[in-house]
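In: give me a 3D structure for the following:
(chains A, B and C)
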Amino acid sequence: MPEMIEVEAYRDLAERAALGRQISAIETPDEWYLKRGLVPATLQELIGYQLSAARRRGKLLLLETQGPDGAGGPVLGLRFGMSGRLVVDGAAGVAELRHSTNAPLARYDRFGLVYSDGGHLRVRDPRRLGGVELDPAEAGLGPDAASVTLGRLSAALDGSRAPLKARLMDQSRLAGVGNLIADEVLWRSSLSPQRPAGSLSAPEVRRLHRHLRATVAELGTRGGSHTGDLMDERRGGGTCPKDGRPLQRDTVGGRTTWWCPWHQE
DNA sequence: CCGGATGTTCACCT
DNA sequence: GAGGTGAACATCCG
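Out: Sure thing, here's the model as predicted:
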């Protein structure tokens, strides 16, 4: 599931349902899921702490912690890969709160916080492509795509001969855009994914910026990065919803790319 | 059975 | 240094 749209939904869930509850245990059923040298013993320092804020940068969910004395603790960084979900008290992204006390770990639960009230926060990830780390290097990520300014977007593209789509998905330049959102935004912007990123004119960058922010907002409202207008056409025989021409499939930036060579220039 | 899938990282090329 | 490619991770789906 996760591109930034889904991670924002997880952030919202965490903010609504996971803050201010005392952590009583850490679940690490899959140590491979702990990244950058993190080990279960290190996570024990979070016992007695609580989550104090839920932030997001691109596809990275950042959970701030606070000790019993009110002092700030380490930041818990969660990545969800392609199949990860955040589950709080047994519900993923749902409003209702049901504390399923002592609920056993599900088959694909890779990491969890147990609360002293009996509830829990867990990362469920069948494909195991996500991960957990402490104090992730946020500086390594570009500005978030949901709020990036025109100037920052322009700077992210400037001087690059890499394909536009590859640059948009380079998390160190711009954080949050994944394969589906990239195709949707470029299609809406009538820009070819293969254009050298630095070759866009000023009006084209403005157009891209407008569509990027509008698309992220709209897909968020619709409920996911898979709700784009192009989604149903990502298959053999798919046609452009704008002009009915056949869509083309290519590999750009190492990812399958669907686009309309008729109107995307 | 085979191929591909919303992501990231790394080794290895050019 | 920039950019590209393929592999790896593990499961599901068509």
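
In: C-alpha only now, for contacts and for neighbours.
Out: Fine.

In: report the contact partners of the residue in the stretch 51-200 of chain A that DNA strand B sits nearest to.
Out: Nearest residue of the stretch 51-200 of chain A to DNA strand B: A:G178, at 3.0 Å (Cα to the nearest atom of the strand). Neighbouring residues of A:G178 by Cα atoms under 8 Å, 6 or more residues apart in numbering: A:E3, A:M4, A:M169.

In: tell me how many other residues crowd A:G20.
Out: Here the number of neighbours of A:G20 (other Cα atoms under 10 Å) works out to 15.

In: go on, A:S116?
Out: 15.

In: next, it: phi, psi?
Out: Phi and psi for A:S116, reported as degrees, to the nearest 10, are phi -70, psi -10.

In: roughly how far apart are it and A:D12?
Out: 22 Å (Cα to Cα, to the nearest Å).

In: which of the contacts of A:G178 tops the neighbour count?
Out: A:M4 (27 neighbours).

In: which pLDDT value belongs to that one?
Out: Note for A:M4: predicted pLDDT of 93.

In: would you agree it is in contact with A:L61?
Out: No. Using Cα atoms under 8 Å, A:M4 makes no contact with A:L61, being 9.5 Å away.

In: who's in contact with A:G236?
Out: Counting by Cα under 8 Å, 6+ apart, A:G236 has no contacts.

In: over to it. Which of the three states is it?
Out: coil (DSSP: H, G, I helix; E, B strand; the rest coil).

In: next, it: phi, psi?
Out: Here is the backbone geometry of A:G236 (degrees, to the nearest 10): phi -60, psi 130.
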